Structures are given as structure tokens and as C-alpha cells.
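Peer 1: Pasting the sequence and the predicted model now:
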Amino acid sequence: MPLPAPPRYTAVRPQHTARRTGIAMISLSLRVDIDDHGRIGPGKIRLLEQIGALGSISAAGRSMNMSYKRAWALVDELNRCFGKPVVSTQMGGRAGGGAALTPFGSELVAHYRAIESKAEQAAGLHLNALRAAAERSG
């Protein structure tokens, strides 16, 4: 069942609840493998969120210290992975170009963030225990 996507994405995402220990930052990172076609992780999802917020693949890439070529390659990888576009683009020119998430792209982000949230909730007790253990042994 599709999750409703927010109408616009904000460029700034709230920080994870991970905190710095004497040894290392302990947090949960989620990657979803799509058969042999590819994978989706926090970087690609963040790029999609930035495209949604900024309306430009180039601006989204710059906001993440990434070249336009790299940002476009990641979007193209997602498009090929699912066999349908996650971003729609408009050629530049007098009115200027732009990019927006397709309905499927918005749904992809919403589902990934929902999975991520549930995983963080499920792992919270163990992550806190691991942080405490790391501080005790540090």
C-alpha cells in the first residue's frame, strides 16, 4: 500500500539520534538491495530529497559536494534499477531547466524513510546498549 509523500521535501533532514562515544559514532544505516539490479541507501535517498527540495539535479549534487555527472549517474542508476523514472527533468534554456521527483520517486523516498524509521525503532534498545558498552570499555 503506497504511503503518501509529503508535498515538498525540506533541504535539511533532522540529525540521527546517534551520539559520539570515545570509540566511534554508533548509528544504524540501512541499505535495500534490489535483486541484482542495484541498491538504495541513505546517499541516494538524500539525493532524491535534495532534488525534490531544490528542483535541480545540479543543485542537489552541489549541496552534497558531488558533481552533476555523479548525481545524474546515481539518478540514472535508480531509473534503470526500477525500470521507471524516479526524477523527471526539463531541458534548460530561456525558462531554465529543472528536475522534480516523479510520483514513484516520492513513493520510493517515503517507503525508504518508513523502513528506516521502523528499523531504528526496532534496533534502538540494542544500539543504546552498544553505545553504553563502548563508553564503558573506552
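Peer 2: Good, I have the coordinates.
Peer 1: now the helices: where do they sit in this protein?
Peer 2: Under the criterion DSSP state H, the chain carries helices at the ranges 42-54, 57-63, 68-82, 103-137.
Peer 1: who wins for proximity to Val32 among these?
Peer 2: For Val32, the closest of the helices of the chain is helix 103-137, at 6.8 Å, according to C-beta to C-beta. Where you see a C-beta, it was placed from the backbone N, CA and C, and this is true even at glycine.
Peer 1: what separates the closest one from the chain centre, distance-wise?
Peer 2: On the basis of C-alpha atoms, centre = their mean, to the nearest Å, the separation between the geometric centre of helix 103-137 and that of its chain is 13 Å.
Peer 1: and the direction of that helix versus that of helix 68-82, what angle?
Peer 2: On the basis of axes from the mean of the first three to the mean of the last three C-alpha atoms, to 10 degrees, helix 103-137 is oriented at 110 degrees to helix 68-82.
Peer 1: For helix 103-137, buried residues please.
Peer 2: Within helix 103-137, the residues that qualify as buried are 104-109, 111-113, 116, 120, 127, 131, counting by 16 or more other C-beta atoms under 10 Å.
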